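Participant: sharing a model that was predicted from the sequence below.
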Amino acid sequence: MSKSRTRKDVIHNIEKLMDQPVDVKLAGGREVTGVLKGFDLSLNLVLDETREYVRNFEDPSKRSLIPDPASPDSMVEETRFLGVVVCKGTLVLVVSPYDGTEEIENPFAGE
């Protein structure tokens, strides 16, 4: 028997992330990281020190890579600094802590 989650449960979990760095995935493929400064019941988020990961124009499912200025032989993800932003709740797909997460390959891709 599955227990349905209420909006109150979701909000309680997001409260734990206040003033901590978070990753946010938005509808349309945008991804940002920043420090969660506030939110409301509609899941509108206020982020500070926000960086957006720039998408690859040839393959929008991947992040854009640029040469690493510190090491010309390696590549780093291209980002742009946005500062303080408000993410509209209807566009927020995923909010997760910045530390302790990693991107994995889709196990269902190519089947």
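Facilitator: Thanks, I have it. For clarity, every value in this text was computed on a predicted model and none was experimentally measured. Numbers count the residues shown, from 1 in each chain.

Participant: okay, strands next: where are they in this protein?
Facilitator: Taking DSSP state E, the strands of the chain run over residues 21-26, 31-39, 45-53, 65-67, 75-77, 79-87, 92-97.

Participant: where does the protein have low pLDDT?
Facilitator: For the chain, the stretches flagged by pLDDT under 70 are 1-12, 56-58, 60-61, 75-76, 100-103, 111.

Participant: can you name the residues bridging to Pro67?
Facilitator: Here Pro67 shows beta-bridge partners Met75, assigned using DSSP bridges.

Participant: buried residues in stretch 59-75, which are they?
Facilitator: Buried residues in stretch 59-75, counted by 16 or more other C-beta atoms under 10 Å: Arg63, Ser64. Backbone N, C-alpha and C define where each C-beta goes, glycine included.

Participant: tell me how far that stretch is from the chain's mean position?
Facilitator: Stretch 59-75 sits 19 Å away from the centroid of its parent chain (C-alpha atoms, centre = their mean, to the nearest Å).

Participant: going forward, begin numbering at 512 instead of 1
Facilitator: Sure thing, new numbering starts at 512, so read that last one as stretch 570-586.

Participant: which one of the strands of the chain lies closest to Glu526?
Facilitator: Closest of these to Glu526 is strand 542-550, at 8.3 Å (criterion: C-beta to C-beta).

Participant: what about Val535, neighbour count?
Facilitator: Applying other C-beta atoms under 10 Å, we find 23 residues neighbouring Val535.

Participant: hmm, I typed the wrong one, I wanted Val565.
Facilitator: With other C-beta under 10 Å as criterion, Val565 counts 16.

Participant: ok, it - contacts?
Facilitator: By C-beta atoms under 8 Å, 6 or more residues apart in numbering, the contact set of Val565 is Arg574, Ser575, Glu588, Glu589, Thr590, Arg591.

Participant: residues in contact with the third one?
Facilitator: For Glu588, the contact set (C-beta under 8 Å, 6+ apart) comprises Tyr564, Val565, Arg574, Ser575, Leu576, Ile577.
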